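# Predicted structure and sequence below. I'll ask about it afterward.
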Amino acid sequence: MAVKYRKVLIKLSGEALAGDDKFGVNPEVTLDTAKQIKEISDLGVQVAIVVGGGNFFRGRTGEGLDRATADYMGMLATVMNSLALQDVLLSIGCEAKVMTAIEIRDMAEGYSRRKALDYLKEGKVVIFGCGTGSPFFSTDTTAALRAAEIGAEVILLAKNVDAVYSADPKEDPDAQRYTELTYMDIVEKELRVMDLTAATLCKDNGINLYVFGLRGGHNMMKVINGENIGTLIH
Ligand code: UDP
């Protein structure tokens, strides 16, 4: 198998699944995402996924609520996205399992690292819901944590933009597009790629990050094949 990566963790933000709708789960975008995931899984690549929840709810925007409560609501939002993605993956013939960091037994399995590793070896796509299970963290941090736990070679950060830029390319036509950065660059240039807790966890555990645009073709496949379509952070 001549692929660049054999075990990956894909981080999908909630916004990525909402597409242009900005809220909720867009059926076409979710189907396209699922097809891209199936495509790389069919190649024999082990695929784990962490989904965000920002298309439904974010803890820090839960005005008037206790932060921890709002974060628990945010974690529930990630479960909605996880279930939606699992459903669409199953509908196209791709075996998928949602594992949640907080037990919701009637809907999904509780997270177990050993079990997740077994599923991945069996070729099943594993979707991690509920983030880390703790408030005051993000799903970016969850991605770094789970990637370290399962020994993923890279985190594929699928975004609505195609790479990391020095500024928002939609607002600043002079924004510089980066093909390669270090974690120190992210801190020093204050690039908003992921939060600092997540970036530190990646850096300390030697996990590379690849930022790329989810839409516009078979982009996951291109990344797996080593094509330079986004930004590598190491
Ligand atoms: N969250 C949390 N702990 C975690 C992961 C997520 O409390 O370990 C909550 C937090 O409130 C966050 C929300 O879940 O705002 C949704 O996740 P995130 O904002 O990371 O989603 P994304 O921006 O990627 O869609």
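Cool, got the structure. None of the values given here were measured: they were computed from a predicted structure.
# Doesn't Arg215 lie inside a helix?
No: under DSSP: H, G, I helix; E, B strand; the rest coil, Arg215 falls outside any helix and is assigned coil.
# what residues does the protein put near the ligand?
The interface of the chain toward the ligand, taken as CB under 6 Å from any ligand atom, is made up of 13-15, 52-54, 58-59, 71, 74-75, 77-78, 131-132, 134-135, 137-140, 142. Just so you know, the C-beta spots here come from the backbone N, C-alpha and C atoms, and that holds for glycine as well.
# Let's see that with 5 Å instead.
13-14, 52-54, 58-59, 71, 74-75, 131-132, 135, 137-139, 142 (CB under 5 Å from any ligand atom).
# Just the buried residues of those.
Neighbour-count burial (16 or more other CB atoms under 10 Å) is assigned, among these, to 13-14, 52-54, 58-59, 71, 74-75, 131-132, 135, 137-139, 142.
# that older thread, okay, and which of the residues of the chain next to the ligand map to helices?
Counting by DSSP state H, the part of the residues of the chain next to the ligand found in helices is Gly14, Asp71, Gly74, Met75, Thr139, Thr142.
# okay but Lys4 is in contact with Gly226, surely?
Yes: under the criterion of CB atoms under 8 Å, Lys4 is in contact with Gly226, at a separation of 3.8 Å.
# Which residue of these two possesses the greater neighbour count?
Lys4 (14 against 10; other CB atoms under 10 Å).
# three-state assignment of the more buried one?
Each residue gets one of three states, and Lys4 gets coil by three-state DSSP.
# nearest spatial neighbour of Leu12, skipping sequence neighbours?
Take Leu12 and drop its neighbours on the chain: the residue closest to it by CB to CB, 6 or more residues apart in numbering is Val51, 4.9 Å away.
# ok, the one you found touching Met80?
No: taking CB under 8 Å as the contact criterion, Val51 and Met80 are not neighbours in contact, 9.1 Å apart.
# quick one, which of these two is more surrounded?
Set Val51 next to Met80 and count neighbours by other CB under 10 Å: Val51 wins out with 32 against 20.
# tell me the contacts of that one?
Applying CB atoms under 8 Å, 6 or more residues apart in numbering, one finds that Val51 lies in contact with 11-14, 17, 78, 81-82, 85, 127-129, 139.
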